[in-house]
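Engineer: Predicted structure and sequence below. I'll ask about it afterward.
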Number of protein chains: 2
Amino acid sequence: MSAASRAKRNNPELEITVLEKTEDVSYSACGMPYNIADPSKNIEELVVRSAGAFREKQGINLLTGHTAETIDPANRLVSGTTSEGETFSFDYDDLLIATGGSSIIPDIPGSDLPGVKALKSLDDGRKIKAYLEEHQVKNVVIIGMGYIGLEMCEALRARGIHVSMAKPNPRLLPWMENDLAQMVQKELEDNGVQLHLGMQVDSIQAADGKLQVTGPDSVIDADMVLFAIGIQPNSALAQSAGLSLGPDNAIAVDRMMKTSHDHIYAAGDCADAYHVVTGEKAWVPLALRANRAGWAVADNVLGGKNQLQGIAGTAVFKVFELQVARTGLNMKQAADAGFDPVQVVIKSRSRAHVYPGGKDVFVNMVGDQKSGRLLGAQMVGKESVAHRINAAAVALHAQMTVALFCQTDLSYAPPFGPVWDPLLTAANQLLKKLG
Amino acid sequence: MSAASRAKRNNPELEITVLEKTEDVSYSACGMPYNIADPSKNIEELVVRSAGAFREKQGINLLTGHTAETIDPANRLVSGTTSEGETFSFDYDDLLIATGGSSIIPDIPGSDLPGVKALKSLDDGRKIKAYLEEHQVKNVVIIGMGYIGLEMCEALRARGIHVSMAKPNPRLLPWMENDLAQMVQKELEDNGVQLHLGMQVDSIQAADGKLQVTGPDSVIDADMVLFAIGIQPNSALAQSAGLSLGPDNAIAVDRMMKTSHDHIYAAGDCADAYHVVTGEKAWVPLALRANRAGWAVADNVLGGKNQLQGIAGTAVFKVFELQVARTGLNMKQAADAGFDPVQVVIKSRSRAHVYPGGKDVFVNMVGDQKSGRLLGAQMVGKESVAHRINAAAVALHAQMTVALFCQTDLSYAPPFGPVWDPLLTAANQLLKKLG
């Protein structure tokens, strides 16, 4: 919708048809956990703009309940079926595939039971919220520990629900440096979340109106189960039309969001991106990139040359009082990309010691021994972390060395940090290690 | 002291003598307003390391009460007088001038009255705190509106003291974009600070144990007066030794902190710096640069090649609940430096609209019409501003264009901001304006 809106705004003569499988367009998906946390809030508040507004105010031919099923690139045709079972077919000059992603649901017995949920679409959110309201949900088991799962811990605990998390990997957040991951684990445990790390889930069983999440050695009782393993790109439509796929089977796009086929673009969680650190393709489905990619498509179908530099993989999420942030590569990603990575972990504070109320800030920073480049950073802390990470993100876009990052003139005043920003303390130590 | 400590740590054989005029070394000058705010806190808590610790634990020959009065570069001699009136003379292989800055005290009648203060040194802080404790201070007039004056407003109001601020310029913060300065003005007024903008202060008079701050048309009663006009570099010693001075009469140094004379370095508030945006010299006396410069001198006297890239002029301060941040150039500075500047002012939010508790964030961003470069940013807001500014600061170090900054992958989650960070919203609008 961001592509459609921008294109129509920039050229009101353009005829735009949007085929949307569901009835929902333009809602804050990222806001769902915070809405679910609060029983007094209507989930429909997350709708940013209604389908009617797109049709009537913006003049976009928005067709909801229209599932696109085949693309014929040679004849520039998209065909599919409506929710009423009617078939349709549209020709196009330019096509944008914005099919998004969907939750990974493991193929285990019981994954389709009522009370077993995942959270990706607004309709998922509606169902979870309704289920919580209609049932006496006292225990929820979250399977997997993706961002949404971690955010949902807080949302469910806020409603007084007991939460257990289970995942096969014995490490909480395998992508995260261990000392920092320990902080996240402690925050979860301090807030009463029961962690079952290293638990393989074999099945979910219904018994006496309850659910049982069952592994080889243990069973966890639940009133509701939430899959939060992660998402996968909805690229089957593109794949069957012969379009090239990239990492994680996301639709491969160039810097102008063009797919392997003329006149077909892809944007959003279904499409890949260039990573600014590696220069290689990566699939990091996050909201800012999706918006930006939509805008780029709008510009480019109108004859522009909006080329996106790429992503740094910056992400932040809140786990109770803890802010968890990352940008760029971790040690493993850096090694896999052919760098010779070195890392440091430091502990600093969110405020100067002379100013009351400061919190611990942990920084992990990764640099390249060969080039001296800054490759990535991770931070956890109860204050300031979510925005501090951006200094490192910008440095990654600029392909800065650690030495140059050490020179950056970051803000200082006692209420807001030590003289040396935690990122600078980490960079100074990393520089020594890089020699 | 940061230079002395680092040099001694890196080469314990090095003989280091420090000549300090006062009895105080190594204290958190920036912490003084927050300490003064709290009568229960002893101001000596601001001492980071005692003179004794430098002498005994670090083996630095620290001589307090030693005022350096002349430098003889040809014979490599520093001479002066102790607080007991004895003369001294030391020869040196390498000399570091770290004389700092001092408060600007206007030459008006009454500026030397008891009860008329300024805040720069720890001893200034002691005197202010003692004066507040020993006198019935109900009204303070602050003359000038430098960072310290603004921070002192909050400190004094926290003690229940009525505060008036007076300055000749009718604009509150002339360096700040007007819409943003209005936010600061409102915050001061909302917190009961009485502003006398455009008031020339001709004299301060003592009457009946009170003070009267007197202008051509008005008089403000006070129990204490605080000058907060700003600071000036203590460069007289360097100047009389024939060393070159830079902007604002700060001691001119190269990227290795060398002055115009061999074997003489300068660092801290007395010395100038290269500005990373203009490439020209600037004098921006702030703590991070001072520390960094001290480290560079330590490295360089030991044969290293620690070259500092320069400053971006990043600064942040707290005015009651408001965070005020800047980096780089404002419109006037940009025009003066030969750029063709264009600016935008935008209003955004500190959190996504779906997440409760968000605050307004105002961003002013300046770009160059000719090169497309990002030149500077200013932000005010009650949340997140102090750390968000760093993304722009790093971009200035990297000499990024506005177009490239628009592409940066900044963090997003509803508790921490909108999908488009306020800086990105400003950059997107500025990019349009740059054409």
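Structural biologist: Nice, thanks for sending it over.
Engineer: for the record, mean pLDDT for stretch A:206-226?
Structural biologist: Averaged across stretch A:206-226, pLDDT comes to 94.
Engineer: how far is it from where the chain is centred?
Structural biologist: How far stretch A:206-226 lies from its chain's middle: 28 Å, per C-alpha atoms, centre = their mean, to the nearest Å.
Engineer: One more: stretch A:6-22?
Structural biologist: Using C-alpha atoms, centre = their mean, the offset of stretch A:6-22 from its chain centre is 26 Å.
Engineer: who's in contact with the nearest residue to A:C30 once chain neighbours are set aside?
Structural biologist: Once flanking residues are discounted, A:C30 sits nearest to B:P414: 5.3 Å by C-beta to C-beta, 6 or more residues apart in numbering or on different chains. Heads up, the C-betas are built off the backbone N, CA and C, glycines and all. Contact analysis of B:P414 by C-beta atoms under 8 Å, 6 or more residues apart in numbering or on different chains lists A:28, A:30-31, A:34, B:351-352, B:354-355.
Engineer: can you map out the strands along the stretch 51-200 of chain A?
Structural biologist: Here the stretch 51-200 of chain A has its strands, by DSSP state E, counting those that start in this stretch, at A:61-64, A:66-72, A:77-82, A:87-91, A:95-97, A:101-103, A:116-118, A:139-143, A:162-167, A:194-197.
Engineer: Out of these, flag the one nearest chain B.
Structural biologist: Smallest distance to chain B across the strands of the stretch 51-200 of chain A (C-beta to the nearest C-beta): 16.4 Å, for strand A:101-103.
Engineer: Name the strands paired with the closest one and say parallel or antiparallel.
Structural biologist: Sheet pairing for strand A:101-103, assigned by DSSP bridges, gives strand A:231-233 (antiparallel).
Engineer: mind listing which of the contacts of B:P414 are in strands?
Structural biologist: With DSSP state E as the criterion, strands contain none of those.
Engineer: tell me the contacts of the most centrally placed residue in chain A?
Structural biologist: In chain A, the centroid-proximal residue (C-alpha atoms, centre = their mean) is A:L286; its distance is 4.1 Å. Applying C-beta under 8 Å, 6+ apart, we find A:L286 in contact with A:311, A:314-315, B:412.
Engineer: Just the pLDDT at it, thanks.
Structural biologist: 93.
Engineer: Only the buried subset of the contacts of A:L286, as a PyMOL command please.
Structural biologist: Only the buried entries of the contacts of A:L286 go into this PyMOL selection, using 16 or more other C-beta atoms under 10 Å in any protein chain shown:
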select buried, (chain A and resi 311+314+315) or (chain B and resi 412)
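Engineer: Need the contacts of A:L286 in CSV (columns: secondary structure).
Structural biologist: Formatted as CSV, these follow (DSSP: H, G, I helix; E, B strand; the rest coil):
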residue, secondary structure
A:I311, strand
A:T314, coil
A:A315, strand
B:Y412, coil
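Engineer: which one among the contacts of A:L286 gets closest to A:M183?
Structural biologist: Checking those against A:M183 with C-beta to C-beta, the nearest one is A:A315 at 16.4 Å.
Engineer: show me what contacts the closest one?
Structural biologist: A:A315 touches A:147, A:284, A:286, A:325-327, B:411, B:413, counting by C-beta under 8 Å, 6+ apart.
Engineer: which residues pair with it across the strands?
Structural biologist: Residues in beta-bridge contact with A:A315 (DSSP bridges): A:R326.
Engineer: any idea how far it lies from A:S384?
Structural biologist: Noted for A:A315: a distance of 17 Å to A:S384, by C-beta to C-beta, to the nearest Å.
Engineer: before we move on, back to that, got the contacts of B:P414 as CSV, with pLDDT and neighbour count columns?
Structural biologist: Formatted as CSV, the contacts of B:P414 follow (pLDDT from 0 to 100; neighbours: other C-beta atoms under 10 Å in any protein chain shown):
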residue, pLDDT, neighbour count
A:S28, 91, 22
A:C30, 92, 22
A:G31, 94, 23
A:Y34, 95, 24
B:R351, 96, 20
B:A352, 94, 20
B:V354, 90, 22
B:Y355, 93, 22
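Engineer: and the residues you listed as a markdown table, adding distance to A:T99?
Structural biologist: Converted to a markdown table, the contacts of B:P414 look like this (distance: C-beta to C-beta, whole Å):
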| residue | distance to A:T99 |
| --- | --- |
| A:S28 | 19 |
| A:C30 | 18 |
| A:G31 | 21 |
| A:Y34 | 26 |
| B:R351 | 29 |
| B:A352 | 24 |
| B:V354 | 24 |
| B:Y355 | 27 |
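Engineer: Inside helices: which ones of those?
Structural biologist: Per DSSP state H, helices hold the following members of the contacts of B:P414: A:Y34.
Engineer: what's the neighbour count on A:K305?
Structural biologist: For A:K305, the count of nearby residues is 9 (other C-beta atoms under 10 Å in any protein chain shown).
Engineer: so who does it touch?
Structural biologist: Applying C-beta under 8 Å, 6+ apart, the residues contacting A:K305 are A:256, A:299.
Engineer: quick one: it is in a strand?
Structural biologist: No: under three-state DSSP, A:K305 falls outside any strand and is assigned coil.
Engineer: what's the distance between it and B:N191?
Structural biologist: For A:K305 relative to B:N191 (C-beta to C-beta), the value is 50 Å.
Engineer: cool, and A:N249?
Structural biologist: For A:N249, the distance to B:N191 - C-beta to C-beta - is 56 Å.
Engineer: ditto for A:R157
Structural biologist: Taken as C-beta to C-beta, the span from A:R157 to B:N191 is 36 Å.
Engineer: Same check on A:V277?
Structural biologist: Using C-beta to C-beta, one gets 45 Å for the distance from A:V277 to B:N191.
Engineer: Same drill for those two, tell me which one is more crowded.
Structural biologist: Per other C-beta under 10 Å, whichever of A:V277 and B:N191 has more neighbours is A:V277, with 27 against 16.
Engineer: tell me the contacts of that one?
Structural biologist: A:312-313, A:328-329, A:337, A:373, A:375-376, A:396, A:399.
Engineer: redo that, cut-off 7 Å
Structural biologist: Residues in contact with A:V277 (C-beta atoms under 7 Å, 6 or more residues apart in numbering or on different chains) are A:312, A:328-329, A:375-376, A:396.
Engineer: need the residues of the stretch 201-350 of chain A near chain B, please.
Structural biologist: By the rule C-beta under 7 Å from any C-beta of the partner chain, the part of the stretch 201-350 of chain A lying against chain B is A:287-288, A:291, A:308-309, A:311-312, A:314-318, A:325.
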